[in-house]
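In: Next one to model:
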Amino acid sequence: MDFSLNEIQTMLADSVGKFIDNEYDFDTRQSYAASDKGYSNAVWSMFAELGWTAVPFAEEDGGFGGGPADTMVLMQSLARGLVVEPYLANIILAGGILKRSASAAQKDEWLQPIIAGELQATLAFYEPQARYELPNVTTTATRDGDAWLLSGKKGLVLNGGTADLLIVPARTAGGVADRDGITLFAVDANASGVSRNAYATVDGLQAAEIELDNVRVDDGRVLGEPGDGYPALDATIDDATLAVSAEAVGIMQVLTDKTVEYAKDRKQFGVPIGTFQALQHRMVDMLMACEEAQSLLVWSVMSRAADGDASKRAVSSIKYLVGTKGRLVGEEAVQIHGGMGVTWELDVAHYFKRLTIIGQLFGNADWHLDQLAAMAPDA
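Out: Predicted structure coming up:
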């Protein structure tokens, strides 16, 4: 079986790589992260101009018809620059729901501007009581004449502070943890009754806590059929889990490369520390973790593309691995760099922070291990 990148994927990786090398060094990234929005509007527009925002969408929707492998290539490449622009929130999360559930008119209104880089959007799905259980939705939507009234709280909404459009799962029927009865709504972020508390996350990105208090939403903003939103939500979160796993694998490789280079240059007792056998063993462990993660990532992407019975198992497998091996690689990188490995000025510390956050997004390692155990065939 051929695991090599095709011509388009190679061009995509080269395009992102040149951008990171020439226009997105660590200091530039830090300046964008420290800005009011937490990212650069100019850079985001450039993403759209280069077609990166169109990668995972069908050609009839204005995209390039890319699949999980194309997203993997893009996310691994962006990982090298620790890019703070909200690709995950806009394209993978909000775009993932819209491409699956929106009508043609709704795609014209919201998906096309997202792809063009003209509209900021996100998926507000985390709830305080739910932990990682996706069907656990207590935000309610009740009928009020020809519209709906939404009330509830959403936490850790990525890009929530600057988004123009919030895609909100709300319960219109069923019990708190039922899969049936979840409806997806496209909510104007500036609508009456929407309150947002934005903040920077530990990895330098932006998120928000959002409260909905009788927010009025008309029928034209219902995505898909009322009560039938869970399948699209579930599939989108699987895509997002795979996307951040690809990002994590990219970061693991960067940390390994930087640690090896540092060990060649840093001298102690008159010799490079990379000549110390104990450190060599630890760096080999880092390299092996990267190789293992890359192999499992490729299998997971292929399984996701096939969308067969192994898809769910593949997503949980790679998320568990990057949650455990990613931590190992991050900790070793910091420790081998010594005290400077945790300083604000060194990029290694920021790669480690991003790895740590990825480990908690969309289910941590323990949660995904439980999912794998539940999917195991009976003995």
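
In: Can you give me the neighbour number for residue 192?
Out: Residue 192 has 9 neighbours, counted by other C-beta atoms under 10 Å. Using the backbone N, CA and C atoms, a C-beta is placed for each residue, glycine as well.

In: what residues are up against it?
Out: By C-beta atoms under 8 Å, 6 or more residues apart in numbering, the contact set of residue 192 is 215, 216.

In: Please report how far it lies from residue 214.
Out: Applying C-beta to C-beta, to the nearest Å, the value for residue 192 to residue 214 is 9 Å.

In: repeat for residue 262
Out: Going from residue 262 to residue 214 by C-beta to C-beta gives 55 Å.

In: neighbour-wise, which of the two wins?
Out: In this view residue 262 and residue 214 are compared by other C-beta under 10 Å, and residue 262 has more residues nearby, 20 against 11.

In: in the helix or strand encompassing the more buried one, what counts as buried?
Out: Per DSSP states H and E: residue 262 is located in helix 230-265. Neighbour counts over helix 230-265 (16 or more other C-beta atoms under 10 Å) mark 230, 232-233, 235-256, 258-260, 262-263 as buried.

In: pLDDT (mean, whole number) over that helix?
Out: For helix 230-265, mean pLDDT is 95.

In: Which other helices and strands does it contact?
Out: Other helices and strands packing on helix 230-265, by 3 or more C-beta pairs under 8 Å, 6 or more residues apart in numbering; DSSP states H and E, are helix 68-79, helix 95-101, strand 182-188, strand 271-272, helix 277-306, helix 311-337, helix 347-360.

In: for it, the distance to its chain's centre please.
Out: Centre-to-centre, helix 230-265 and its host chain are 9 Å apart (C-alpha atoms, centre = their mean, to the nearest Å).

In: ditto for stretch 52-59
Out: Distance, centroid of stretch 52-59 to centroid of chain: 16 Å (C-alpha atoms, centre = their mean).

In: In it, which residues are buried?
Out: In terms of neighbour count (16+ other C-beta under 10 Å), stretch 52-59 has its buried residues at 52, 53, 54, 55, 56, 57.

In: ditto for stretch 319-339
Out: For stretch 319-339, a neighbour-count test (16+ other C-beta under 10 Å) marks 319-327, 329-334, 336-337 as buried.

In: Next: stretch 10-27.
Out: Across stretch 10-27, burial judged by 16+ other C-beta under 10 Å covers 12, 16, 19, 20, 24.

In: The last one: what's it in contact with?
Out: So that's residue 24. For residue 24, the contact set (C-beta under 8 Å, 6+ apart) comprises 43, 81, 83.

In: Likewise for residue 30?
Out: Contacts of residue 30 (C-beta under 8 Å, 6+ apart): residue 204.

In: Next: the one 5 residues further on.
Out: Residues in contact with residue 35 (C-beta under 8 Å, 6+ apart): none are found.

In: Please report the distance of it from residue 162.
Out: Computed as C-beta to C-beta, the residue 35 to residue 162 distance reads 11 Å.

In: cool, residue 354 as well?
Out: The gap separating residue 354 from residue 162 is 19 Å, by C-beta to C-beta.

In: just to revisit the earlier point, ok, so of the buried residues of stretch 52-59, who is nearest residue 89?
Out: Of all those, residue 89 sits closest to residue 53, with 11.9 Å by C-beta to C-beta.

In: thought that closest one was touching residue 115?
Out: Yes. With contact defined as C-beta atoms under 8 Å, residue 53 counts as touching residue 115 (5.2 Å).

In: lowest-pLDDT helix or strand in this structure?
Out: Using mean pLDDT, DSSP states H and E, strand 267-268 stands out as the lowest-scoring helix or strand of the chain, at a mean of 80.

In: Now find how far off-centre that one is within its chain.
Out: Relative to its chain's centre, strand 267-268 lies at 39 Å (C-alpha atoms, centre = their mean).

In: For that strand, name the packing helices and strands.
Out: With contacts defined as 3+ C-beta pairs under 8 Å, 6+ apart, strand 267-268 has no helix or strand neighbours.

In: Next up, the contacts around residue 203.
Out: Neighbour list for residue 203: 350, 353, 354, 356, 357 [criterion: C-beta under 8 Å, 6+ apart].

In: how about the third one, what does it touch?
Out: Residues in contact with residue 354 (C-beta under 8 Å, 6+ apart) are 82, 203, 204, 247, 251.

In: Please produce TSV containing those, extended by distance to residue 303.
Out: Output for the contacts of residue 354, formatted as TSV (distance: C-beta to C-beta, whole Å):
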residue	distance to residue 303
82	28
203	28
204	32
247	18
251	22
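
In: any idea which of those residues is closest to residue 314?
Out: residue 247 (16.7 Å).

In: Okay, helices next: where are they in the stretch 101-250 of the chain?
Out: Here the stretch 101-250 of the chain has its helices, by DSSP state H, counting those that start in this stretch, at 104-106, 112-115, 230-265.

In: and residue 368, which of the ones you listed is closest to it?
Out: The closest of the helices of the stretch 101-250 of the chain to residue 368 is helix 230-265. By C-beta to C-beta, the value is 8.5 Å.

In: Taking strand 182-188 as reference, get the angle to the closest one.
Out: Calculated by axes from the mean of the first three to the mean of the last three C-alpha atoms, to 10 degrees, helix 230-265 forms an angle of 70 degrees with strand 182-188.

In: So the closest residue in space to residue 47 that isn't next to it in sequence, which state does it fall into?
Out: Take residue 47 and drop its neighbours on the chain: the residue closest to it by C-beta to C-beta, 6 or more residues apart in numbering is residue 53, 5.3 Å away. At residue 53 the chain is in helix, as set by DSSP: H, G, I helix; E, B strand; the rest coil.
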